[in-house]
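Asker: Whatever this is, show me its structure:
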Amino acid sequence: MKYLILLLKGVGVGAANVIPGVSGGTIALITNIFEPLIEAIKSLNIKAVKLLLSGQFKAFSEHIKLDFLTAVFLCVGLSIITFARLLDYLFVNYPVYTWAYFFGLILASVIFVGRTITRWNLSVIIAFLIGTGIAVLVAFMPIAGENASFWYLFLCGVVAVCSMILPGLSGSFVLILMGNYKLVMIDAVNNMDFGILLPVALGAVIGLTAFSYFLLWILKSFKNQTLATLTGFILGSLSILWPWKHTITQTFGEKIKIVGYEHFIPEHFNTEVILAIVYMLLGVVSIWVIEKAADKKTAK
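Answerer: Just a heads-up that it's a prediction; the model follows:
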């Protein structure tokens, strides 16, 4: 049962990564696997390499928590493949209701994650405001031009992978803002251009490992301030999830990618608005159920 719950959490993280503007780190945080996940990633170090090369596979597996990482990342991958088609259908046919559900989902996440902060003081409030400001700024930043230089591609890998694990920040959205979404995710992947992919992959591996050390250290040393910043990230991401908006798209080769939104407030309180509010409440209830399930597991 414990392993099944872990698998379901991995599915949730993967599904969140499919949603435009949402980070799987948000779901990882509210399902209580965020810190263990960062701990496991942090363990992918020199010691792990030595254990693997020396043939100590059992010790290697225990050191990096291989069963935990395998369960989470396997379900993340399967979830992305499965939910991508479903969400594509929902966003095309029921965009307002789909956005409304995820708006409620993330809005409730702000409350439940914020509730884990044990003490609010000036530094915690400032951290919360900074996190919110950064997330809103990212959502409305202008898109940079394409850049194929080695170090910029390396930086893209670092920033994108760090954004993916940070609650409230979307890695693919950040890659669009840096101007290299088409170059990396479409052109390089489709053509298997390792001249582009290797610097990005190198940046992703080094960035994820180094960032996990920093994130774990800051989470343990300044827990309330870190949680406040992450809560701010999640709150700021609501600017992307507002249900009533016109999409701003850009063509990348043969694909059309959403690069921004023009938000508006509905003029009439009609059936669509009422149903959207109902779906928002369903999103809130979903997080409440997840939170209660996590509380029961912790109590046992």
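Asker: show me the contacts for the residue sitting furthest away from the middle of the chain.
Answerer: Farthest-out residue of the chain from its mean C-alpha position, per Cα atoms, centre = their mean: Ser54, at 35.1 Å. Shown in contact with Ser54 (Cβ atoms under 8 Å, 6 or more residues apart in numbering): no residues. Glycine gets a C-beta too; all of them are placed from N, C-alpha and C.
Asker: what's the spacing between it and Thr70?
Answerer: Computed as Cβ to Cβ, to the nearest Å, the Ser54 to Thr70 distance reads 21 Å.
Asker: ditto for Thr98
Answerer: Taking Cβ to Cβ, one finds Thr98 at 31 Å from Thr70.
Asker: got it, and Leu198?
Answerer: According to Cβ to Cβ, Leu198 stands 25 Å off from Thr70.
Asker: More neighbours: which of Thr98 and Thr70?
Answerer: In this view Thr98 and Thr70 are compared by other Cβ atoms under 10 Å, and Thr98 has more residues nearby, 20 against 13.
Asker: Now do the SS call for the more buried one.
Answerer: Following DSSP: H, G, I helix; E, B strand; the rest coil, the label given to Thr98 is helix.
Asker: wait, it sits on Leu87?
Answerer: Yes. Between Thr98 and Leu87 there is a contact under Cβ atoms under 8 Å: 7.3 Å.
Asker: Show me how far stretch 193-209 is from its chain's centre.
Answerer: Taking Cα atoms, centre = their mean, to the nearest Å, one finds stretch 193-209 lying 19 Å from the centre of the chain it belongs to.
Asker: Quick check: buried residues in that stretch?
Answerer: Under the neighbour-count criterion of 16 or more other Cβ atoms under 10 Å, stretch 193-209 has 196-197, 199-200, 203-204, 207-208 buried.
Asker: Same check on stretch 129-145?
Answerer: By neighbour count on 16+ other Cβ under 10 Å, the buried set for stretch 129-145 is 131-132, 134-136, 138-139.
Asker: Can I get the residues you listed in JSON lines including pLDDT, distance to Tyr152 and secondary structure?
Answerer: Formatted as JSON lines, the buried residues of stretch 129-145 follow (pLDDT from 0 to 100; distance: Cβ to Cβ, whole Å; DSSP: H, G, I helix; E, B strand; the rest coil):
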{"residue": "Gly131", "pLDDT": "88", "distance to Tyr152": "26", "secondary structure": "helix"}
{"residue": "Thr132", "pLDDT": "90", "distance to Tyr152": "28", "secondary structure": "helix"}
{"residue": "Ile134", "pLDDT": "84", "distance to Tyr152": "21", "secondary structure": "helix"}
{"residue": "Ala135", "pLDDT": "80", "distance to Tyr152": "23", "secondary structure": "helix"}
{"residue": "Val136", "pLDDT": "82", "distance to Tyr152": "25", "secondary structure": "helix"}
{"residue": "Val138", "pLDDT": "73", "distance to Tyr152": "18", "secondary structure": "helix"}
{"residue": "Ala139", "pLDDT": "70", "distance to Tyr152": "22", "secondary structure": "helix"}
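Asker: any chance you could read off phi and psi for Thr247?
Answerer: phi -80, psi 140 (degrees, to the nearest 10).
Asker: no no, Arg115
Answerer: phi -70, psi -20.
Asker: can you tell me how far it sits from Thr231?
Answerer: Computed as Cβ to Cβ, the Arg115 to Thr231 distance reads 9 Å.
Asker: more neighbours, those two?
Answerer: The neighbour count for Arg115 versus Thr231, taken as other Cβ under 10 Å, is higher for Thr231 (27 against 11).
Asker: Which residues does the strand or helix carrying the more buried one contact?
Answerer: When elements are assigned from DSSP states H and E, Thr231 belongs to helix 223-236. Applying Cβ under 8 Å, 6+ apart, the contact partners of helix 223-236 are 23, 25-26, 29, 106, 109-110, 113-114, 116-121, 123-125, 127-136, 138-139, 166-169, 215, 218-219.
Asker: so what secondary structure elements neighbour the helix or strand that it is followed by?
Answerer: Later in the chain than helix 223-236, the nearest helix or strand by DSSP H and E is helix 238-241. Applying 3 or more Cβ pairs under 8 Å, 6 or more residues apart in numbering; DSSP states H and E, one finds that helix 238-241 contacts helix 95-114, helix 122-140.
Asker: if you set the cut-off to 10 Å instead, what comes out?
Answerer: Packing partners of helix 238-241 (3 or more Cβ pairs under 10 Å, 6 or more residues apart in numbering; DSSP states H and E): helix 95-114, helix 122-140, strand 255-263.
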